[in-house]
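A.B. asks: return a 3D structure for these sequence lines:
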Amino acid sequence: MQRITRPSFFIAALVSVMIFAVAIPCSANPKEKYLDMTHPFTEDSIYWPTDKPFTPTVVFKGITKGGWWYASNQYAASEHGGTHVDAPIHFAEHGRTIGQIPLQEWIGPAAKIDITAKSSSNRDYQLSVEDILAWEKKHGRIPEGAWVIMYSGIGRFYPNKKEVLGTEKTGKEAVAELHFPGFSPEAVALLLAERTITGIAVDTPSIDPGSSKDFKVHQKLCGAQKLALENIANLDKLPESGAMLYVMPMLIQNGTGAPARVFARLP
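C.D. replies: Residues are numbered from 1 along each chain as shown. Model (predicted):
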């Protein structure tokens with residue numbers, strides 16, 4: 001058997017300590033700032049007028065016969081409502097489901113495009129190619145893997161359905177009365193063809209404007225296997241560039257969408 005000399009022993013020990021240290025995940029830097037961009041799920045959460053809303057039910061809450069405290073709830077809801085994500089299969093026959101999307105695709109630089117002035121005078125405004133180019137003139141080219149975020153200002157009214165959706169009605173008759181901003185098909189076509197993005201996001205209920213009848217933005221984005229994020233919160237507190245967006249959807253294996261916890265690490 002080969003005898004381990006003292007120098008060899010110390011080198012081996014040092015390497016072991018270094019490997020162990022790398023393997024331990026570091027805790028969050030207390031100096032880093034994070035922004036929660038998620039609307040809480042309640043009975044007031046905004047869903048598409050024809051979808052089943054978030055419906056919580058208390059199963060038990062109190063002291064059991066055995067003498068200890070116990071609480072448990074159950075809920076039912078559509079996949080697409082509140083702060084949530086769209087998987088490509090939502091509008092693409094061969095698109096990926098929620099369960100087929102790797103974790104790294106849910107993380108990317110945040111590029112916030114402010115259209116609040118335009119949407120305040122036109123609830124049907126569509127974020128344009130010109131809006132993207134104006135953002136790039138100010139901040140540089142959209143980063144690779146970015147979430148391109150439309151900031152319309154409509155989200156500040158959440159969960160007021162009349163202010164956000166344009167109508168308080170539910171069911172099929174409400175769909176004709178939907179009015180809120182979204183992306184234009186031309187803007188999405190540019191992002192898909194000439195930029196490398198992770199997905200797009202909005203502070204409204206849909207990446208297509210509320211008045212859309214053919215959902216061309218959904219069709220284009222999902223057809224390109226990209227992601228969408230809808231009904232995000234606190235965009236007034238997110239800088240236009242420099243933040244990193246993190247999206248944590250419920251892992252519904254065959255899901256076309258899922259409720260999500262969304263937050264940003266601020267620069």
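
A.B. asks: drop to CA atoms for contacts and neighbour counts, all remaining ones
C.D. replies: Fine.

A.B. asks: residue ranges of the strands in the stretch 51-200 of the chain, please?
C.D. replies: Using DSSP state E, counting those that start in this stretch, the strands of the stretch 51-200 of the chain run over 55-63, 69-76, 84-86, 107-114, 126-127, 146-151, 182-183, 197-202.

A.B. asks: what's in contact with the third one?
C.D. replies: Residues outside strand 84-86 that contact it (C-alpha atoms under 8 Å, 6 or more residues apart in numbering): 80, 227-232, 249, 256-261.

A.B. asks: return the member of those residues nearest to Lys162.
C.D. replies: Lys162 has its nearest neighbour among those in Asn231, at 14.7 Å by C-alpha to C-alpha.

A.B. asks: re the thing from before, so which of the strands of the stretch 51-200 of the chain is the most packed in?
C.D. replies: Among the strands of the stretch 51-200 of the chain, the stretch with the highest mean neighbour count (mean count of other C-alpha atoms under 10 Å) is strand 84-86, at a mean of 28.

A.B. asks: show me what that one pairs with in its sheet, parallel or antiparallel.
C.D. replies: In the sheet, strand 84-86 lines up against strand 227-230 (antiparallel), strand 257-266 (antiparallel) (DSSP bridges).

A.B. asks: between those strands, which one is closest to Lys31.
C.D. replies: strand 257-266 (10.6 Å).

A.B. asks: ok, residues contacting that closest one?
C.D. replies: Contacts for strand 257-266 (C-alpha under 8 Å, 6+ apart): 32-38, 79-87, 90, 97-98, 232, 238-239, 242-252.

A.B. asks: go again using 7 Å as the cut-off
C.D. replies: Here strand 257-266 makes contact (C-alpha atoms under 7 Å, 6 or more residues apart in numbering) with 33-38, 79-80, 82-87, 98, 243-250, 252.

A.B. asks: what subset of the residues you listed is buried?
C.D. replies: 35-38, 79-80, 82-87, 98, 243-250 (16 or more other C-alpha atoms under 10 Å).

A.B. asks: on that earlier part again, show me which pair in the contacts of strand 84-86 is furthest apart.
C.D. replies: The span of the contacts of strand 84-86, defined through C-alpha to C-alpha, is set by Ile232 and Thr256 at 18.0 Å.

A.B. asks: and these two? which has more neighbours close in?
C.D. replies: Counting neighbours by other C-alpha atoms under 10 Å for Ile232 and for Thr256 shows that Ile232 has the greater number, 27 against 21.

A.B. asks: for the more buried one, what are its contacts?
C.D. replies: Contacts for Ile232 (C-alpha under 7 Å, 6+ apart) come out as 37-39, 83, 202-203.

A.B. asks: ok, Met248 next?
C.D. replies: By C-alpha under 7 Å, 6+ apart, the contact list for Met248 reads 260-262.

A.B. asks: go with 6 Å
C.D. replies: 260-261 (C-alpha atoms under 6 Å, 6 or more residues apart in numbering).

A.B. asks: the helix or strand containing it: partners in the sheet, and parallel or antiparallel?
C.D. replies: According to DSSP states H and E, Met248 maps onto strand 243-249. Note on strand 243-249: by DSSP bridges, its sheet partners are strand 107-114 (antiparallel), strand 257-266 (antiparallel).

A.B. asks: quick one: closest of those to Pro49.
C.D. replies: Proximity to Pro49, assessed across those by C-alpha to C-alpha, is greatest for strand 257-266 (16.5 Å).

A.B. asks: single out the most deeply packed of the strands paired with strand 84-86.
C.D. replies: Neighbour counts (mean count of other C-alpha under 10 Å) averaged over each of these peak at strand 227-230, with a mean of 26.

A.B. asks: and the contacts of it?
C.D. replies: Strand 227-230 is contacted by residues 83-87, 199-202, 205-206 when judged by C-alpha under 6 Å, 6+ apart.

A.B. asks: try stretch 205-223
C.D. replies: By C-alpha under 6 Å, 6+ apart, the residues outside stretch 205-223 that reach it are 88, 91-92, 178-183, 185, 230-231.
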